[in-house]
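Chemist: Show me the folded form of this:
(2 chains)
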Amino acid sequence: MFEILTKWLRKKEDSKEIGKNRLQLILIDDRLGVSHETLDSIKDDIFTVISKYFDVSEDDVEMNLQKEDGSVALVASIPVLGMKRQSVTTK
Amino acid sequence: MAGKSYVVTSGKGGVGKTTVTANLGTALALRGNKVCVIDSDIGLRNLDVVMGLENRIVYDLIDVIEGTCRPKQALIKHKKADKLFLLPASQTRNKEAISPKQMKELMIRMKEEELFDYILVDSPAGIERGFRNAIAGADEALIVTTPEVSAIRDADRIIGLLQADEMYEPKLVINRLSTELVKKGDMMDQDDIIDILSIELLGIIPEDEGIVASTNMGVPIVLLENEKAGPAFKRIARRLEGENIPISLTGDIEETLLNRIKRLFGINRKEPERV
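Modeler: Just a heads-up that it's a prediction; the model follows:
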């Protein structure tokens, strides 16, 4: 009881939580077999496609694999600065 | 009833595969089963040392596979558990000396010719040829991990590799769990680990300093007077036999508390018996 109280007062995050969170992130990579290099090149490709239609800044693109309830999602956040005007002549 | 074979594996080294194999094998034999423990760590054998049988090796695993001798000639019978046998690994060869196919054939022979109820194969660390040999011919896999990030990560990798080899239901043994560290929030507990690995938990072995002495003496801890790891191994053996024994850490804590009280009142435990 005293232990719980002192821990609560200190409000220090348990090292096991840090370990568990790190492990979960590592395992997402391991299980998918996707390296950071692959993720980077997916990010580049997505950026190239999006920038054909929108004004986007490469620096603001964020892409991550996230674990939600046992499944993994590829989540990309790409802030749009503006619409690109389509040329009339190109189709 | 045909015998059942298990591979004891982990990916990471030093998590206690050999200790688990030796103690689980001994515990099963003490319960009346005919048990064979096989050391498949060719070139780096250690199961013989942990079991105190290193001076009695004549033939080894490769001799049996290559037909130099019959299985009976290579099997070493334990003096303290007369239904327990060790098939040692060769120390002078390497893992490429045998193939998974040969290992599979050997396991069938051990079941059919020697009529073992249980065969436990101690796997080498790693995921290469030695691991492939160890899992070949095993009916089921027992994965040993400690509550550490690196060991759990490797266990996860092993689970993936086993599934690719059509072993879909490996069971987990968590070794060296410290109730003190768990209480302090400095160690993952069984729920955290199962949450991550999503496999069936077979048992938890509490951290026990007695293991060091047991290994020094070459006597598996289940053969010694012991209040922590020993009973935990025995419970796992009974679960393998199909008994339904609930897994709880509190079981271990209560046991230690009880023993502490016993000591307080001078009811000391016996000195470990020497063999």
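Chemist: all helices of the stretch 1-150 of chain B, in order?
Modeler: B:17-30, B:47-50, B:61-66, B:71-74, B:100-112, B:129-135, B:149-164 (DSSP state H, counting those that start in this stretch).
Chemist: Make a markdown table from those helices and add mean pLDDT, distance to A:L32 and mean neighbour count to it.
Modeler: (C-beta placed from N, C-alpha, C; glycine too.) Compiled in a markdown table, the helices of the stretch 1-150 of chain B are given as follows (pLDDT from 0 to 100; distance: least, C-beta to C-beta, whole Å; neighbours: other C-beta atoms under 10 Å in any protein chain shown):
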| stretch | mean pLDDT | distance to A:L32 | mean neighbour count |
| --- | --- | --- | --- |
| helix B:17-30 | 98 | 27 | 27 |
| helix B:47-50 | 98 | 36 | 22 |
| helix B:61-66 | 96 | 37 | 20 |
| helix B:71-74 | 96 | 44 | 16 |
| helix B:100-112 | 96 | 27 | 17 |
| helix B:129-135 | 96 | 22 | 22 |
| helix B:149-164 | 95 | 11 | 19 |
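Chemist: Out of those, flag the one nearest chain A.
Modeler: Closest approach to chain A among the helices of the stretch 1-150 of chain B (C-beta to the nearest C-beta): helix B:149-164, 4.9 Å.
Chemist: and for the closest one, what are the contacting residues?
Modeler: Here helix B:149-164 makes contact (C-beta atoms under 8 Å, 6 or more residues apart in numbering or on different chains) with A:19, A:22-23, A:26-27, A:30-31, B:9-12, B:15, B:127, B:131, B:135, B:141, B:143-145, B:168, B:170, B:172, B:188, B:193, B:196-197, B:199.
Chemist: Restrict it to CA atoms and write it as PDB.
Modeler: What follows is helix B:149-164, C-alpha atoms only, in PDB (Å, rounded to 0.1, in the frame of the first residue of the first chain):
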ATOM      1  CA  VAL B 149      12.600  -6.700 -24.000                       C
ATOM      2  CA  SER B 150      15.300  -8.500 -26.000                       C
ATOM      3  CA  ALA B 151      14.300 -12.000 -25.000                       C
ATOM      4  CA  ILE B 152      10.600 -11.300 -25.800                       C
ATOM      5  CA  ARG B 153      11.500  -9.800 -29.100                       C
ATOM      6  CA  ASP B 154      13.400 -12.900 -30.100                       C
ATOM      7  CA  ALA B 155      10.600 -15.200 -28.800                       C
ATOM      8  CA  ASP B 156       8.200 -13.300 -31.100                       C
ATOM      9  CA  ARG B 157      10.500 -14.000 -34.100                       C
ATOM     10  CA  ILE B 158      10.700 -17.700 -33.200                       C
ATOM     11  CA  ILE B 159       6.800 -17.800 -33.000                       C
ATOM     12  CA  GLY B 160       6.700 -16.500 -36.500                       C
ATOM     13  CA  LEU B 161       9.300 -19.000 -37.800                       C
ATOM     14  CA  LEU B 162       7.500 -21.900 -36.100                       C
ATOM     15  CA  GLN B 163       4.200 -20.800 -37.700                       C
ATOM     16  CA  ALA B 164       5.900 -20.800 -41.100                       C
END
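Chemist: still on that earlier bit, tabulate the helices of the stretch 1-150 of chain B (a markdown table), appending distance to A:F47.
Modeler: Output for the helices of the stretch 1-150 of chain B, formatted as a markdown table (distance: least, C-beta to C-beta, whole Å):
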| stretch | distance to A:F47 |
| --- | --- |
| helix B:17-30 | 47 |
| helix B:47-50 | 55 |
| helix B:61-66 | 56 |
| helix B:71-74 | 63 |
| helix B:100-112 | 46 |
| helix B:129-135 | 41 |
| helix B:149-164 | 31 |
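Chemist: And the pLDDT for A:E3?
Modeler: You'll see A:E3 listed with a pLDDT of 64.
Chemist: Then B:E166?
Modeler: 88.
Chemist: do the same with B:M1
Modeler: 60.
Chemist: Same question for B:G11.
Modeler: So, for B:G11, pLDDT stands at 91.
Chemist: circling back to that earlier point, among the helices of the stretch 1-150 of chain B, which is nearest B:F233?
Modeler: Closest of the helices of the stretch 1-150 of chain B to B:F233 is helix B:17-30, at 4.1 Å (criterion: C-beta to C-beta).
Chemist: Look up how far B:V182 lies from the residue in chain A that chain B sits nearest to.
Modeler: Nearest residue of chain A to chain B (C-beta to the nearest C-beta) works out as A:D14 at 3.1 Å. Relative to B:V182, A:D14 is positioned 10 Å away (C-beta to C-beta, to the nearest Å).
Chemist: Those two - which one has more neighbours?
Modeler: A count of neighbours by other C-beta atoms under 10 Å in any protein chain shown puts B:V182 above the other of A:D14 and B:V182, at 17 against 14.
Chemist: OK, contacts around the residue nearest in space to the middle of chain A?
Modeler: What sits nearest the mean C-alpha location of chain A, by C-alpha atoms, centre = their mean, is A:N64, with 2.0 Å. Applying C-beta under 8 Å, 6+ apart, we find A:N64 in contact with A:74-75.
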